[in-house]
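**Student:** need coordinates for the below:
(one chain, ligands or ions: 2)
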Amino acid sequence: MIKLINLSKKYQMKDKNINALDQVSISIDSGEFVAIRGPSGCGKSSLLLSIGGMSRPTEGELIIDNTSIYKLSKNERCHYRGTNIGFIFQAFHLIPYLSVKDNILSANIHSGKYRTDQVDALMDKFNLGLRSNHKPSELSTGEKQRVALARAFLNEPSIILADEPTGNLDPQNAIIVLNHLKEFQKNGGTVVLVTHQNNAEEYSDRTINMETGKIIS
Ligand SMILES: Nc1ncnc2c1ncn2[C@@H]1O[C@H](COP(=O)(O)OP(=O)(O)OP(=O)(O)O)[C@@H](O)[C@H]1O
Ligand SMILES: [Mg+2]
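**Tutor:** Ligands and ions are numbered 1, 2, ... in the order given. Prediction:
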């Protein structure tokens, strides 16, 4: 279970503070598929980064399966994240000078596993086999997103956090991505998906609506 308790995130700028998250409390069960919606700038990416252990909250606590994530040391937190969480970033964040294959394998950095055995199967699964030696700049947008997906799946995480993974895709590629996330859930995984897709409810069990750093429903 993922539990956020009164979690706030302030970004301190020179001339102002931005309350990206304001006392957010939510619980997400293991095996649940949750969609997060809300207008641009309301804090969706900030929320996902906090859940993913990548953005220390200013206040409050994040507990995943009885572990208080931000009480871990940095190394422990990186290892936890590498082993348990797959993250799909809003802007792909592929490493430009690595091939498709090495980008997928880069998920190993913090997990300590070296899953070369898995990577060929993943490239087949995500229809990237013929692109394994391409650099990100040599890929289409849909292919880049599938590399990001394969990387998130590499360490067989129990949680996938996906930040608008279909935002840059045509409807056909969007369905492919959503179906992969649904299949992950059917195999017992937890999915938190930030999305503007109108049909996301067909995939998710529950929608969390946000506005200016708060959960409104
Ligand atoms: N690193 C940062 N430093 C300062 N302010 C930030 C930072 N990251 C985000 N913000 C601000 O925090 C607020 C929430 O940003 P966030 O990226 O979480 O929004 P979002 O809901 O994901 O938006 P979008 O739908 O456009 O991706 C915004 O007002 C944004 O300008
Ligand atoms: Mg965002």
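**Student:** helix or strand with the lowest mean pLDDT in the chain?
**Tutor:** Least confident helix or strand, the chain: helix 116-125 with a mean of 87, by mean pLDDT, DSSP states H and E.
**Student:** and that one, what does it pack against?
**Tutor:** Judged by 3 or more C-beta pairs under 8 Å, 6 or more residues apart in numbering; DSSP states H and E, helix 116-125 is in contact with helix 100-105, helix 141-153. Yep, even glycine has a C-beta here, placed from its N, CA and C like the rest.
**Student:** can you redo those helices as JSON lines with mean neighbour count?
**Tutor:** JSON lines is the format used below for the helices and strands packed on helix 116-125 (neighbours: other C-beta atoms under 10 Å):
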{"stretch": "helix 100-105", "mean neighbour count": "23"}
{"stretch": "helix 141-153", "mean neighbour count": "23"}
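**Student:** out of the ones you listed, which is closest to ligand 2?
**Tutor:** helix 141-153 (14.7 Å; C-beta to the ion).
**Student:** could you give the angle of that closest one to helix 116-125?
**Tutor:** Angle of helix 141-153 versus helix 116-125, following axes from the mean of the first three to the mean of the last three C-alpha atoms, to 10 degrees, is 150 degrees.
**Student:** show residues contacting helix 141-153.
**Tutor:** Residues outside helix 141-153 that contact it (C-beta atoms under 8 Å, 6 or more residues apart in numbering): 86-89, 92-94, 100, 103-104, 106-107, 119, 122-123, 125-128, 131, 134, 136, 139, 160, 162, 165-166, 168-170, 173, 176-177, 180, 184.
**Student:** quick one: mean pLDDT for it?
**Tutor:** Taken as a whole, helix 141-153 has a mean pLDDT of 92.
**Student:** measure the nearest residue to residue 165 once chain neighbours are set aside to residue 181 for me?
**Tutor:** Of all residues not flanking residue 165 in the chain, residue 88 sits nearest, at 4.7 Å (C-beta to C-beta, 6 or more residues apart in numbering). Going from residue 88 to residue 181 by C-beta to C-beta, to the nearest Å gives 9 Å.
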